[in-house]
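A.B. asks: how would this look folded up:
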Amino acid sequence: MPSLSLGHYAVSAAAAFALLTGCGGLQSPIGARAAPPSTFYAQASRAQSVGTGNSTVHFVYAANYSSDNVSAYAIDASDGALTQVAGSPFAAGGFSIAVAIDPTGKFAYVANPYTGNVSAYAINASSGALTQLPDSPVPAGTDPFGVAVNPSGKFAYVANEGSGNVTVYAIRRSGALTQVKGSPFAAGGFPVGVAIDPTGKFAYVTNIDYSSGSVFAYAINASSGALTQVPGSPFAEGTYPTEVAIEPSGKFAYVTNQGSSDVSAYAINAKSGALTQIKGSPFAAGTTPIGVAVDPTGKFAYVANEGYNGNGNVSAYAINARSGVLTQVHGSPFAAGALESYGIAIDPTGKFAYVSNYGSDSVSGFAINGKTGVLKPVQGSPFAAGYSPTGVAIR
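C.D. replies: Below is the predicted model:
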């Protein structure tokens, strides 16, 4: 059973599930090695990187779509090699697809589209192990795909592809999630990816409406977390926009367009949150780009390309600090050494990048040249993961 690519099929997650079960490709969603629903690309690409501020060890978390769990790895600070954490992988919900870490590094949140909920975990600061919180999982909308936590660590946002909205949760001290008043908030036909700007003032949601892609922009109420669409929203996009990343200064946003194999770049209005396409946008990427991440310095952007032929790779760009224009770095795209690359995350030191490879059940690691942005595979890459790893995040 081939994966249901947006480039070939225009079906909702629910339709994809029905197709798989109806044709015998999926006997049981739990533990089955099934092709993902068409719009799983959104948060397959989700790559949130956060630092702990007081820890010398960082951890990588990969959501494994077809084995309903999360693989956890410790990063070797000297060479970027990964070692699986004791107890990994950790159980999640049905078709776990997206993972986000709160800014303190204490909690992890995983979106589960098949079961329509979000799993919440406490992270052991020393070992990186995950422990599900007592009231986890919590209900979300239909087919939750994207998940993000705002910089204050007070709120979590989940894009629900099937119900066309965004669920907003308040994060309690324990890490538990409680829906805020007014949630969920409308987000068009098929919202999939979600990102919060560094100030915590604005949220951006990609929408893969099959007639015309768009990005919804919202102002965030600082006290309640509630969303209000900004003037001009939604903003026009390329074909099947999947993921959005915002560079550290909050000046620019980058969106991968899976259907048109390019990356749209926007300037962000610091007062209103409105988006204006940058001159020269969209910029060419590889075949079917999905994941996108910006390094902590804001100098480079990286895009994970699935590739119709199954050979995934990573496009690397230098970011013009004034204009936001993207220029591919020498040697780009870089081979991932595995099949069907989807998610990408960069560690808080900016030294390493990690890519989830859905087709080969692995995570590729790269060392980043801080001057040029060039990627070089780390020793031992790629590293074994669960079945069909998609979203990836770093603590």
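A.B. asks: The longest strand along the chain pairs with which strands?
C.D. replies: Ranked by number of residues, the top strand in the chain under DSSP state E is strand 311-319. As defined by DSSP bridges, the strand partners of strand 311-319 come to strand 300-305 (antiparallel), strand 326-328 (antiparallel), strand 334-339 (antiparallel).
A.B. asks: Which among those strands is found nearest to G87?
C.D. replies: Taking Cβ to Cβ, strand 334-339 is the member of these nearest to G87, at 24.4 Å. Yep, even glycine has a C-beta here, placed from its N, CA and C like the rest.
A.B. asks: Which strands border the helix or strand immediately after the closest one in the chain, and is each parallel or antiparallel?
C.D. replies: Going down the chain from strand 334-339, the next helix or strand is strand 341-346, by DSSP states H and E. Strand 341-346 pairs in its sheet with strand 352-357 (antiparallel), by DSSP bridges.
A.B. asks: Doesn't A245 belong to a strand?
C.D. replies: Yes - under DSSP: H, G, I helix; E, B strand; the rest coil, A245 sits within a strand.
A.B. asks: CA atoms only for the longest strand of the chain, dumped as PDB, please.
C.D. replies: Coordinates of each C-alpha in strand 311-319 appear next as PDB, following Å, rounded to 0.1, in the frame of the first residue of the first chain:
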ATOM      1  CA  ASN A 311      14.800   9.200  -1.700                       C
ATOM      2  CA  GLY A 312      14.400  11.900   0.900                       C
ATOM      3  CA  ASN A 313      16.800  14.900   1.200                       C
ATOM      4  CA  VAL A 314      17.200  18.300   2.800                       C
ATOM      5  CA  SER A 315      17.300  21.700   1.100                       C
ATOM      6  CA  ALA A 316      19.500  24.200   3.000                       C
ATOM      7  CA  TYR A 317      19.200  28.000   2.600                       C
ATOM      8  CA  ALA A 318      21.100  31.000   3.800                       C
ATOM      9  CA  ILE A 319      18.600  33.700   5.200                       C
END
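A.B. asks: on that earlier part again, JSON lines please, covering the strands paired with strand 311-319 and showing mean pLDDT, distance to Y266 and mean neighbour count.
C.D. replies: Below are those laid out as JSON lines (pLDDT from 0 to 100; distance: least, Cβ to Cβ, whole Å; neighbours: other Cβ atoms under 10 Å):
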{"stretch": "strand 300-305", "mean pLDDT": "97", "distance to Y266": "13", "mean neighbour count": "29"}
{"stretch": "strand 326-328", "mean pLDDT": "98", "distance to Y266": "12", "mean neighbour count": "18"}
{"stretch": "strand 334-339", "mean pLDDT": "82", "distance to Y266": "25", "mean neighbour count": "21"}
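A.B. asks: okay if I get these as CSV plus distance to G291?
C.D. replies: Below are these laid out as CSV (distance: least, Cβ to Cβ, whole Å):
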stretch, distance to G291
strand 300-305, 4
strand 326-328, 15
strand 334-339, 11
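A.B. asks: how near is the closest residue to D143 other than its chain neighbours to G116?
C.D. replies: Spatially, and ignoring its direct neighbours in sequence, D143 is nearest to G162 (3.3 Å; Cβ to Cβ, 6 or more residues apart in numbering). Distance, G162 to G116, using Cβ to Cβ, to the nearest Å: 8 Å.
A.B. asks: Is it correct that the residue nearest to D143 is in contact with A111?
C.D. replies: No - counting by Cβ atoms under 8 Å, A111 is not a contact partner of G162; they are 11.9 Å apart.
A.B. asks: quick one: the residue nearest to D143 and P144, what's the gap?
C.D. replies: Using Cβ to Cβ, G162 is found at 8 Å from P144.
A.B. asks: Kindly report the same for T104.
C.D. replies: From T104 to P144 the distance is 23 Å (Cβ to Cβ).
A.B. asks: Look at these two and report which has more neighbours.
C.D. replies: P144 (32 against 18; other Cβ atoms under 10 Å).
A.B. asks: show me the contacts for the residue nearest to that one when sequence neighbours are not counted.
C.D. replies: For P144, ignoring the flanking residues on the chain, the nearest one in space by Cβ to Cβ, 6+ apart is A111 at 4.3 Å. With contact taken as Cβ atoms under 8 Å, 6 or more residues apart in numbering, A111 is in contact with 43, 63, 96-99, 118, 140, 144-147, 158, 391.
A.B. asks: tell me which element A111 falls in.
C.D. replies: Assessed by DSSP H and E, A111 sits inside strand 107-112.
A.B. asks: helices or strands up against whichever helix or strand comes after that strand?
C.D. replies: Helices and strands here follow DSSP H and E; after strand 107-112, the next one along the chain is strand 117-123. With contacts defined as 3 or more Cβ pairs under 8 Å, 6 or more residues apart in numbering; DSSP states H and E, strand 117-123 has these neighbours: strand 107-112, strand 130-132, strand 138-139, strand 144-149.
A.B. asks: need these in CSV with distance to Y302, can you?
C.D. replies: Formatted as CSV, the helices and strands packed on strand 117-123 follow (distance: least, Cβ to Cβ, whole Å):
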stretch, distance to Y302
strand 107-112, 22
strand 130-132, 26
strand 138-139, 32
strand 144-149, 18
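A.B. asks: how about the ones you listed, which one is nearest K201?
C.D. replies: K201 sits nearest to strand 144-149 of all those, at 13.9 Å, using Cβ to Cβ.
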